[in-house]
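In: quick one: sequence and predicted model below, then my questions.
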Amino acid sequence: MSKIVCNSVEFVLKVEIDKMNPGEAPILKDGKEWKKINVAEKPVYQSNIKQNDAGPTNEETVIVKLKHNEKTESLPYLYTILRMSTDKEVFYIGNLEYPCSFEKTSDKIFDNYTFKAVSPA
(Lines give C-alpha, C1' and ligand atoms only; values in the text may rest on other atoms or scores of the structure.)
Protein backbone atom coordinates (compact mmCIF):
# COMPACT_ATOMS: atom_id res chain seq x y z
CA MET A 1 0.00 0.00 0.00
CA SER A 2 1.24 3.48 -0.82
CA LYS A 3 0.01 6.85 0.46
CA ILE A 4 0.38 10.37 -0.84
CA VAL A 5 2.66 11.80 1.84
CA CYS A 6 3.31 15.45 2.49
CA ASN A 7 6.82 16.74 3.13
CA SER A 8 6.27 16.59 6.89
CA VAL A 9 8.11 13.89 8.82
CA GLU A 10 8.54 14.18 12.56
CA PHE A 11 9.90 11.81 15.21
CA VAL A 12 10.11 11.22 18.94
CA LEU A 13 12.17 8.71 20.82
CA LYS A 14 10.30 5.81 22.39
CA VAL A 15 11.40 6.97 25.87
CA GLU A 16 9.74 10.38 25.29
CA ILE A 17 6.25 8.84 25.01
CA ASP A 18 4.10 8.61 28.12
CA LYS A 19 1.24 6.64 26.57
CA MET A 20 0.34 5.28 23.13
CA ASN A 21 -2.87 3.43 22.31
CA PRO A 22 -3.66 1.92 18.89
CA GLY A 23 -5.54 4.36 16.67
CA GLU A 24 -4.78 7.35 18.92
CA ALA A 25 -2.12 10.04 18.91
CA PRO A 26 0.74 9.32 21.34
CA ILE A 27 0.81 11.34 24.55
CA LEU A 28 4.30 12.71 25.10
CA LYS A 29 6.00 13.13 28.47
CA ASP A 30 6.12 16.64 29.95
CA GLY A 31 8.59 18.88 28.12
CA LYS A 32 8.95 16.53 25.12
CA GLU A 33 7.86 17.42 21.62
CA TRP A 34 7.93 16.11 18.07
CA LYS A 35 11.15 16.95 16.17
CA LYS A 36 10.89 17.78 12.48
CA ILE A 37 13.13 16.11 9.89
CA ASN A 38 13.99 18.68 7.21
CA VAL A 39 13.61 16.56 4.09
CA ALA A 40 15.17 17.49 0.75
CA GLU A 41 12.65 15.46 -1.27
CA LYS A 42 9.21 13.97 -0.74
CA PRO A 43 9.43 10.97 1.64
CA VAL A 44 8.68 7.47 0.37
CA TYR A 45 6.30 5.34 2.46
CA GLN A 46 5.59 1.65 1.87
CA SER A 47 3.58 -0.90 3.79
CA ASN A 48 3.44 -4.64 3.11
CA ILE A 49 1.59 -7.44 4.86
CA LYS A 50 3.73 -10.59 4.81
CA GLN A 51 2.60 -14.09 5.70
CA ASN A 52 5.02 -15.90 8.02
CA ASP A 53 4.87 -19.22 9.89
CA ALA A 54 4.20 -17.30 13.12
CA GLY A 55 1.42 -15.26 11.48
CA PRO A 56 1.10 -12.14 9.31
CA THR A 57 3.31 -9.10 9.90
CA ASN A 58 2.98 -5.53 8.71
CA GLU A 59 6.30 -4.16 7.46
CA GLU A 60 6.37 -0.38 7.12
CA THR A 61 9.28 1.50 5.55
CA VAL A 62 9.87 5.25 5.32
CA ILE A 63 12.78 6.63 3.30
CA VAL A 64 13.71 10.29 3.67
CA LYS A 65 16.46 12.19 1.89
CA LEU A 66 18.24 15.10 3.57
CA LYS A 67 20.96 17.42 2.31
CA HIS A 68 24.28 16.22 3.69
CA ASN A 69 25.81 18.39 6.39
CA GLU A 70 28.77 17.05 8.38
CA LYS A 71 28.10 19.57 11.17
CA THR A 72 24.55 18.30 11.69
CA GLU A 73 24.06 15.57 14.25
CA SER A 74 22.77 12.27 12.99
CA LEU A 75 19.17 11.46 13.79
CA PRO A 76 18.62 8.91 16.53
CA TYR A 77 18.94 5.47 15.03
CA LEU A 78 16.91 3.26 17.34
CA TYR A 79 13.57 3.20 19.06
CA THR A 80 11.82 6.04 17.29
CA ILE A 81 8.19 6.66 16.41
CA LEU A 82 7.47 8.67 13.25
CA ARG A 83 4.54 11.02 12.65
CA MET A 84 3.61 11.67 9.03
CA SER A 85 0.69 13.27 7.26
CA THR A 86 -1.14 12.76 4.00
CA ASP A 87 -3.55 15.05 2.29
CA LYS A 88 -6.30 13.55 4.53
CA GLU A 89 -4.82 12.18 7.75
CA VAL A 90 -1.99 12.01 10.27
CA PHE A 91 -0.53 8.56 10.90
CA TYR A 92 2.23 6.98 12.96
CA ILE A 93 4.93 4.48 12.04
CA GLY A 94 6.08 2.29 14.92
CA ASN A 95 4.69 1.97 18.42
CA LEU A 96 5.98 1.36 21.94
CA GLU A 97 6.19 -2.39 21.47
CA TYR A 98 7.51 -2.27 17.89
CA PRO A 99 9.39 1.04 17.33
CA CYS A 100 11.23 1.96 14.15
CA SER A 101 14.75 0.79 13.47
CA PHE A 102 17.02 2.98 11.40
CA GLU A 103 19.72 2.90 8.72
CA LYS A 104 21.67 5.78 7.19
CA THR A 105 23.58 5.94 3.93
CA SER A 106 25.34 8.97 2.49
CA ASP A 107 26.99 10.01 -0.75
CA LYS A 108 28.30 13.29 0.80
CA ILE A 109 25.61 15.20 -1.13
CA PHE A 110 22.52 13.61 0.39
CA ASP A 111 21.90 11.49 3.48
CA ASN A 112 19.29 8.76 3.05
CA TYR A 113 17.50 7.65 6.20
CA THR A 114 15.49 4.41 6.13
CA PHE A 115 13.12 3.76 9.02
CA LYS A 116 11.53 0.31 9.38
CA ALA A 117 8.84 -0.93 11.70
CA VAL A 118 7.65 -4.53 11.75
CA SER A 119 4.60 -5.46 13.81
CA PRO A 120 1.92 -8.16 13.89
CA ALA A 121 -0.81 -7.49 11.31
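Out: Everything's here; your move.

In: which strand or helix spans the residue positioned nearest the centre of the chain?
Out: Per Cα atoms, centre = their mean, the C-alpha nearest to the average position across the chain is that of residue 82, at 3.4 Å. Residue 82 is located in strand 78-86, with elements delineated by DSSP states H and E.

In: please identify the buried residues of that strand?
Out: If you call a residue buried by 16 or more other Cβ atoms under 10 Å, then strand 78-86 has these buried ones: 79-84. From N, CA and C alone the C-beta is placed, and that goes for glycine too.

In: which of those scores worst on pLDDT?
Out: Within the set of those, pLDDT is lowest for residue 79 (82).

In: where does the prediction get shaky in the protein?
Out: The chain contains residues with pLDDT under 70 at 1-5, 70-78.

In: which of the buried residues of strand 78-86 sit farthest apart?
Out: For the buried residues of strand 78-86, the maximum inter-member distance is 17.6 Å, found between 79 and 84 (Cβ to Cβ).

In: now the residue of the chain most remote from its centre: phi and psi?
Out: The C-alpha centroid of the chain is most remote from residue 53, which lies 26.5 Å away (Cα atoms, centre = their mean). Main-chain dihedrals, residue 53, degrees, to the nearest 10: phi -60, psi -30.

In: ditto for residue 16
Out: According to degrees, to the nearest 10, residue 16 has phi -90, psi 0.

In: residue 29 is in contact with that one, correct?
Out: Yes - contact criterion Cβ atoms under 8 Å: residue 16 and residue 29 qualify, at 5.7 Å.
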